[in-house]
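# please find the sequence and the predicted model below.
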Amino acid sequence: MFYAVVDCDNCFVSCERVYRPDLNGKPVVVLSNNDGCVVSRSNEAKKLGIKMGTPYFQMRERFSEDVVTAFSSNYELYSNLTAGVMDIIKDAAPEYFRYSIDEAFCILSGMDHFDLRKWGLDLRNKILKMTGLPVSIGIARTKTLAKMASHYAKKYKGYQHCCMIDCDEKCERALRLYPVEDVWGIGRRYFARLKNMGIKTAYDFASHTRSWVRTTFNVVAERTWMELHGIDCVPNEGMTSRHKTICCSRSFATMTDNKDTLRAYIANFASYCAKKLRGEGSVAATVEVFLYTNRFRTDLAQYYPCKEIKLLTPTNLTIPIVRASGECLDMIYREHYLFKKAGVILGNITSNTGIQTNFLDDDINKQIRMKRLDDVVDRINQKIGRDLVTLSAQQYETHDEKVWTSGIADIANHRLKSKINKTNTLISNT
DNA sequence: TCTGGGGTCCTAGGACCC
DNA sequence: TCTGGGGTCCTAGGACCC
């Protein structure tokens, strides 16, 4: 049985180019939230030496706007376009699961007698034709080897974006040429240790004994070792299951030690998480809040607190989740630290059917009223504009318009006022 | 001046129970 | 003059992924 991994080439850049074909063949990058750093690069940008994660300001010191075109990220666009890719994959493979926004694994069971490389080439061409997005496909006996094959599919033109590793000779050749740091499952930390041991290629790594890998590293590295030997052992389950956590976090344009400002940010993050939770029909049983000072400012005192609290009843209601996030903040906030980033994580997520309520919690009538409130607010926000109606905890005074360029909540007062009449009408109608 | 965001899994160690 | 042992659950931290 074989696996195929299908992933979009330079996904976000390719999505932008669908609407800007004039940028084909030119250096293009896409930036993270707040335009902080580079998260996607065209091949031309890679050739210029722009690395993943390069801070935008550093890149601009080296390349002007005429040389490298930069886009702010537009996740709605990427998720719409890649959904089209997934639809095509779904029709082409007996079984598949989405692994990330731009990547899917196909389980090619019962297809051993097929010409799988031709199958891959056809799929690649179909996706390009129907969505405008170029993908590369790697095919092999394990997911880790398929990932390696997809690297080769991208790297060497001769493969025409589809590379299959289907025998031991090909596998050995591929392993010998493959830098160990590019192996799926070998990250920066492990690479640093491997390098010290003189292990440079995937072949070097695979040449050690399984027990050596187990004792030197752990079971995860051992699985990687087995996969490189063609033993399929990274489970498919877990890659498809529901979310176990939902997180919303942002870096701030300017650092702050103001508790009220942090409280408003946290309330917004919590509210956003609650909305996501409702969107997928789930409830959460824990709420965690974390704060980060600026790790790049070594001249400043550092503090990375986090605190989780359990909810009496698992919920997806905005009010109890925002309330809990505020309690967490109260427990971890310390004066005199300048915070750069904060976030909220909802955990212990389950389906919202059959929730066990706790008699100490808000009474059922109050919960029903809160649910109705969320329903109405969700509908208004969907109809008129994101985050028009929020809890008062999410509002705050600021003179810095940049604070909310992060894309979650554009709650600048002028915008609020301009729409308030329309909203009042809608609320009375509702 | 400016340095992302959202996930998963594993492990060690402490608390607690019988 | 000595201080159980085994099991489970939870949490924090560290590693990885895209």
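Noted; the coordinates are in hand. Residues are numbered from 1 along each chain as shown, chains lettered A, B, ... in the order given.
# who in the stretch 251-400 of chain A is up against DNA strand B?
Counting by CB under 7 Å from any atom of the strand, the stretch 251-400 of chain A comes close to DNA strand B at A:251, A:253, A:255, A:276, A:294, A:296, A:340, A:341, A:343, A:345. Yep, even glycine has a C-beta here, placed from its N, CA and C like the rest.
# turn these into a markdown table, columns for neighbour count, distance to residue A:30 and pLDDT.
Below are these laid out as a markdown table (neighbours: other CB atoms under 10 Å; distance: CB to CB, whole Å; pLDDT from 0 to 100):
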| residue | neighbour count | distance to residue A:30 | pLDDT |
| --- | --- | --- | --- |
| A:251 | 17 | 17 | 92 |
| A:253 | 16 | 19 | 87 |
| A:255 | 15 | 26 | 94 |
| A:276 | 16 | 23 | 94 |
| A:294 | 17 | 24 | 93 |
| A:296 | 9 | 22 | 89 |
| A:340 | 20 | 23 | 93 |
| A:341 | 17 | 21 | 94 |
| A:343 | 21 | 22 | 95 |
| A:345 | 21 | 25 | 95 |
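# farthest-separated two in the residues you listed?
Across those, no pair lies farther apart than A:276 and A:296, at 29.4 Å, counting by CB to CB.
# per-residue pLDDT, residue A:385?
According to the per-residue confidence, residue A:385 scores 64 in pLDDT.
# now residue A:238
The model's pLDDT for residue A:238 equals 76.
# do residue A:242 as well
pLDDT at residue A:242 comes out at 81.
# residues of stretch A:131-151 that come out buried?
Of the residues in stretch A:131-151, those buried under the neighbour-count criterion (16 or more other CB atoms under 10 Å) are A:131, A:133-151.
# before we move on, what about stretch A:19-33?
Of the residues in stretch A:19-33, A:23, A:27, A:28, A:29, A:30, A:31, A:32, A:33 count as buried by neighbour count, 16+ other CB under 10 Å.
# next: stretch A:201-216.
With the criterion 16+ other CB under 10 Å, stretch A:201-216 contains buried residues A:201, A:202, A:203, A:204, A:205, A:206, A:213.
# tally up the residues packed near residue A:72, please.
Counted with other CB atoms under 10 Å, the neighbours of residue A:72 add up to 13.
# so who does it touch?
With contact taken as CB atoms under 8 Å, 6 or more residues apart in numbering, residue A:72 is in contact with A:30, A:31, A:35.
# ranges for the strands of the stretch 101-250 of chain A?
Counting by DSSP state E, counting those that start in this stretch, the stretch 101-250 of chain A has strands at residues A:103-108, A:135-140, A:162-164, A:246-256.
# OK, contacts around the nearest residue to residue A:156 once chain neighbours are set aside?
Here the nearest residue to residue A:156 in space, its sequence neighbours aside, is residue A:163; by CB to CB, 6 or more residues apart in numbering that works out to 7.6 Å. Applying CB under 8 Å, 6+ apart, one finds that residue A:163 lies in contact with A:136, A:137, A:138, A:139, A:149, A:150, A:152, A:153, A:156.
# apply 6 Å and report the result again.
Listed by CB atoms under 6 Å, 6 or more residues apart in numbering, the contact set of residue A:163 reads A:138, A:149, A:152, A:153.
# dump the contacts of residue A:72 into a markdown table; add secondary structure and pLDDT as well.
Compiled in a markdown table, the contacts of residue A:72 are given as follows (DSSP: H, G, I helix; E, B strand; the rest coil; pLDDT from 0 to 100):
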| residue | secondary structure | pLDDT |
| --- | --- | --- |
| A:30 | strand | 97 |
| A:31 | strand | 96 |
| A:35 | helix | 90 |
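# nearest to residue A:176, of the residues you listed?
For residue A:176, the closest of the contacts of residue A:72 turns out to be residue A:30, at 33.9 Å, with distances computed as CB to CB.
# close to DNA strand C: what parts of chain A are there?
If contact is defined as CB under 7 Å from any atom of the strand, the residues of chain A in contact with DNA strand C are A:7, A:99-103, A:147, A:183-191, A:306-308, A:310.
# could you flag which of these are buried?
Applying 16+ other CB under 10 Å to the residues of chain A next to DNA strand C, the neighbour count classes A:7, A:99, A:101-103, A:147, A:183-186, A:190-191, A:307 as buried.
# of those residues, just say which sits nearest to residue A:327.
Closest approach to residue A:327 among those (CB to CB): residue A:307, at 8.5 Å.
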